[in-house]
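1. With the sequence up front, the predicted model follows.
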Amino acid sequence: MKKMYQGWDRAVKEKRGLIMVYTGDGKGKTTAALGQAFRAAGHGFKVLVINFMKGRDYGEAKAASYLPDFEVIKAGTGKFVDPDNPGEEDLRLAAEGLARARKAALEGDCDLVVLDEINVAVSFNLVSFRDVLDLVKNKRPEVTLILTGRDAPPEFLEMADLVSEVKEVKHHYMSGVKAQKGIEF
């Protein structure tokens with residue numbers, strides 16, 4: 001029987017940063033990325049999470065505030081973004097978030113950088129596809145980047161070391177259950 005994941009039994013000689021993408025139409029992309037971030041923090045990694053298009057105080061940001069070297073930045077207003085006509089504040093916050101991500105990934109002041117909802121931010125033209133692609137291509141080799149959000153561009157998928165697609169099979173919204181504290185935020 002062929003091993004599904006060859007190489008697990010070999011010793012790792014040096015740390016190698018990965019590019020990981022969580023995409024798809026299902027719920028759980030951010031949750032998966034944050035699970036990875038909390039795991040890294042548990043091993044003493046310095047973690048930066050940038051929430052593109054999000055402005056409210058999510059539970060995960062509150063939990064992260066108790067951890068050393070775990071920073072969460074809001075790079076959105078928290079209001080609906082018109083994909084055909086994003087507002088100036090949306091554009092400014094997204095640009096600031098991408099600039100901070102660039103600094104962390106290129107200067108290596110973080111071990112793990114999560115670009116939460118970056119795929120949607122690219123799709124809505126809040127940030128330039130080329131700028132994100134440049135960031136991914138030029139990150140320091142030891143820095144791991146996680147990109148989340150539906151509609152990941154094919155180029156991101158091609159460059160990634162790991163791609164997980166979250167598929168919606170059933171969602172409680174469809175039966176009328178509203179967003180709940182501790183579950184959706």
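-> Thanks, I have it.
2. would you list every one of the helices in the chain?
-> Counting by DSSP state H, one finds helices in the chain at the ranges 29-42, 59-64, 88-107, 118-123, 129-138, 154-159.
3. Thought residue 105 was touching residue 135, still the case?
-> Yes: here residue 135 reaches residue 105: they are 5.9 Å apart, a contact under Cβ atoms under 8 Å. In short, each C-beta sits where N, CA and C put it, glycine included.
4. quick one: common contacting residues for the two?
-> Residues touching both residue 135 and residue 105 by Cβ atoms under 8 Å, 6 or more residues apart in numbering: residue 145.
5. Would you single out the least confident of the helices of the chain?
-> Lowest mean pLDDT of these: helix 59-64, a mean of 88.
6. for that helix, packing partners?
-> Applying 3 or more Cβ pairs under 8 Å, 6 or more residues apart in numbering; DSSP states H and E, one finds that helix 59-64 contacts helix 29-42, strand 47-52, strand 70-75.
7. Just tell me which of those ends up closest to residue 84.
-> For residue 84, the closest of these is strand 47-52, at 17.7 Å, according to Cβ to Cβ.
8. residues in contact with the closest one?
-> The contact list for strand 47-52, computed with Cβ under 8 Å, 6+ apart, reads 33-34, 37, 40-41, 58, 60-61, 64, 67, 69-76, 94, 97-98, 100-101, 104, 110-118, 120-121, 126-127, 149.
9. now swap in stretch 71-89 and tell me
-> 47-56, 60-61, 64-65, 90, 93-94, 96-98, 100, 117, 123-126.
10. are any of the residues you listed buried, and which?
-> Buried members of these, counted by 16 or more other Cβ atoms under 10 Å: 47-54, 60-61, 64, 90, 93-94, 97-98, 100, 117, 123-124, 126.
11. and residue 154, how far is that from residue 23?
-> Going from residue 154 to residue 23 by Cβ to Cβ, to the nearest Å gives 11 Å.
12. Mind listing what's buried along stretch 140-156?
-> Of the residues in stretch 140-156, 143-150, 152-153, 156 count as buried by neighbour count, 16+ other Cβ under 10 Å.
13. Then stretch 16-27?
-> Going by 16+ other Cβ under 10 Å, stretch 16-27 has these buried residues: 17, 19-24.
14. That one: end-to-end distance?
-> Criterion Cα to Cα, to the nearest Å; first-to-last residue distance in stretch 16-27 is 29 Å.
15. just stretch 114-124 next, same as before
-> In stretch 114-124, first residue to last residue: 19 Å (Cα to Cα).
16. What does the pLDDT read for residue 168?
-> pLDDT for residue 168: 91.
17. mind listing what the spatially closest residue to it that is not a sequence neighbour touches?
-> Computed as Cβ to Cβ, 6 or more residues apart in numbering, the closest residue to residue 168 that is not its neighbour in sequence is residue 26, at 3.9 Å. Each residue near residue 26 by Cβ under 8 Å, 6+ apart is listed here: 166-169, 171.
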